[in-house]
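Novice: Give the three-dimensional model of this entry:
(chains A and B)
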Amino acid sequence: RKEVEQDPGPFNVPEGATVAFNCTYSNSASQSFFWYRQDCRKEPKLLMSVYSSGNEDGRFTAQLNRASQYISLLIRDSKLSDSATYLCVVKRPNQGGKLIFGQGTELSVKP
Amino acid sequence: DVKVTQSSRYLVKRTGEKVFLECVQDMDHENMFWYRQDPGLGLRLIYFSYDVKMKEKGDIPEGYSVSREKKERFSLILESASTNQTSMYLCASSLNAFAGRAHPYEQYFGPGTRLTVT
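Specialist: As a prediction, this is how the structure comes out:
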């Protein structure tokens, strides 16, 4: 089983749609979780950290379910500029700054 | 502004050649990382360094070595390039300590080097 698993997509949605991505992780000792965004032919960049209580940043909402070991990202009112690959990222327990990256979920927002 | 640079965007090498990929960060970060990214496999950690001259193997170190002689520079070496090392190589850096930081463990990536081994 992969340490971090995501549905690779692609998700094709119209502008204005709400879209949700899920991600599961295998190590129950994991403590820190993130979503990164990677535009086509660009490097990954941190989108948001994921906190236990859930957190929101504008149109983006991240949720963590420790019992089921999954993380979600909800994007409301999708924009064309949201088209990218979204990477679910988990910090490795007790291994300094090492992160485990999911393979990414591709989102394409159409006019 | 945070910056991680990599020596080349595109590189073409022949099988058996020794290849050096250079990465430089200007943020005084302790941690530096080398990943490769392949379709369907995501980012996989090759090597990690948490201080000058310190290194740790990642998940796929075979066929690679690294060098960190200065804090800002982390080099990835392919001793004898093979076709299965054709990939996108990404360097990243992060801070060690995180007390009081908004996004602990955030890694900053360079633009990547697309290496083709023929």
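
Novice: Every contact and neighbour count from this point should use C-alpha atoms.
Specialist: OK.

Novice: For residue 66, give me its contacts.
Specialist: Using chain A. Applying C-alpha atoms under 8 Å, 6 or more residues apart in numbering or on different chains to A:Arg66 gives the contacts A:Ser28, A:Ser52.

Novice: let's do chain B instead
Specialist: Applying C-alpha under 8 Å, 6+ apart, we find B:Val66 in contact with B:Tyr47, B:Lys55, B:Phe74, B:Ser75, B:Leu76, B:Ile77.

Novice: can you list those residues in a markdown table and add secondary structure and pLDDT?
Specialist: Formatted as a markdown table, the contacts of B:Val66 follow (DSSP: H, G, I helix; E, B strand; the rest coil; pLDDT from 0 to 100):
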| residue | secondary structure | pLDDT |
| --- | --- | --- |
| B:Tyr47 | strand | 97 |
| B:Lys55 | strand | 94 |
| B:Phe74 | strand | 98 |
| B:Ser75 | strand | 98 |
| B:Leu76 | strand | 98 |
| B:Ile77 | strand | 98 |
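
Novice: May I have the beta-bridge partners of the residue of chain B found nearest chain A?
Specialist: For chain B, the residue closest to chain A is B:Gly42, as judged by C-alpha to the nearest C-alpha, at 3.8 Å. Beta bridges link B:Gly42 to B:Asp38 when assigned by DSSP bridges.

Novice: That one: neighbouring residues, count only.
Specialist: Here the number of neighbours of B:Gly42 (other C-alpha atoms under 10 Å in any protein chain shown) works out to 16.

Novice: what sits opposite the residue positioned nearest the centre of chain B in the beta ladder?
Specialist: Nearest to the geometric centre of chain B sits B:Trp34, at 2.3 Å (C-alpha atoms, centre = their mean). B:Trp34 has the following beta-bridge partners by DSSP bridges: B:Tyr47, B:Cys91.
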